[in-house]
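Trainee: I'll drop the sequence and a predicted model, then ask my questions.
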Amino acid sequence: MICPYCKQSQTRVVDKRDNEETNTTRRRRECEKCHKRFTTYERIEKVLLNVEKRNGRIEEFDREKVKRGIMKAVAKRSIPEEKINEIIEKIEQKLLTGNRQIVKTKEIGQMVLKN
């Protein structure tokens, strides 16, 4: 990290705090040359995942939409909501760790059926 005061690249972290609500990490740093302190913030960049609909339209992945579909499909069965949330979490993780940014709705449906 470069010091904003003297532009030296030798800095050290004095204090680090994670904020779970905003997914940020706050770091207090000190320049080893001028000894001034400054704060930096680190944020995890959200990976965008898009879904290609049957008609070719592309929209952003919406886990709530998947949840509504599963809830509708299992309405007459006694499947706990926690189990449905686990299924959605597995599917989302698998999609995010994949190499593609666009997934077809049919593939998501197949993943739901496998779980």
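Mentor: Yep, that arrived.

Trainee: now do the strands in the chain.
Mentor: Secondary structure of the chain (DSSP state E): strands at 11-19, 24-31, 37-43, 50-52, 58-60, 102-104.

Trainee: quick one: those as a markdown table, columns for distance to Ser78 and mean pLDDT too.
Mentor: Just so you know, the C-beta spots here come from the backbone N, C-alpha and C atoms, and that holds for glycine as well. A markdown table is the format used below for the strands of the chain (distance: least, C-beta to C-beta, whole Å; pLDDT from 0 to 100):
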| stretch | distance to Ser78 | mean pLDDT |
| --- | --- | --- |
| strand 11-19 | 39 | 93 |
| strand 24-31 | 40 | 94 |
| strand 37-43 | 41 | 92 |
| strand 50-52 | 29 | 93 |
| strand 58-60 | 32 | 93 |
| strand 102-104 | 30 | 93 |
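
Trainee: can you check which of the ones you listed gets nearest to Ile84?
Mentor: Ranking those by proximity to Ile84 (C-beta to C-beta) places strand 50-52 first, at 18.6 Å.

Trainee: pairing partners for that closest one, with directions?
Mentor: With DSSP bridges as the test, strand 50-52 is paired with strand 58-60 (antiparallel), strand 102-104 (parallel).

Trainee: how far away from the center of its chain is the first one?
Mentor: For strand 58-60, the gap between its own C-alpha mean and the chain's C-alpha mean amounts to 17 Å (C-alpha atoms, centre = their mean, to the nearest Å).

Trainee: swap in stretch 69-85?
Mentor: The chain centre lies 24 Å from the centre of stretch 69-85; the measure is C-alpha atoms, centre = their mean.
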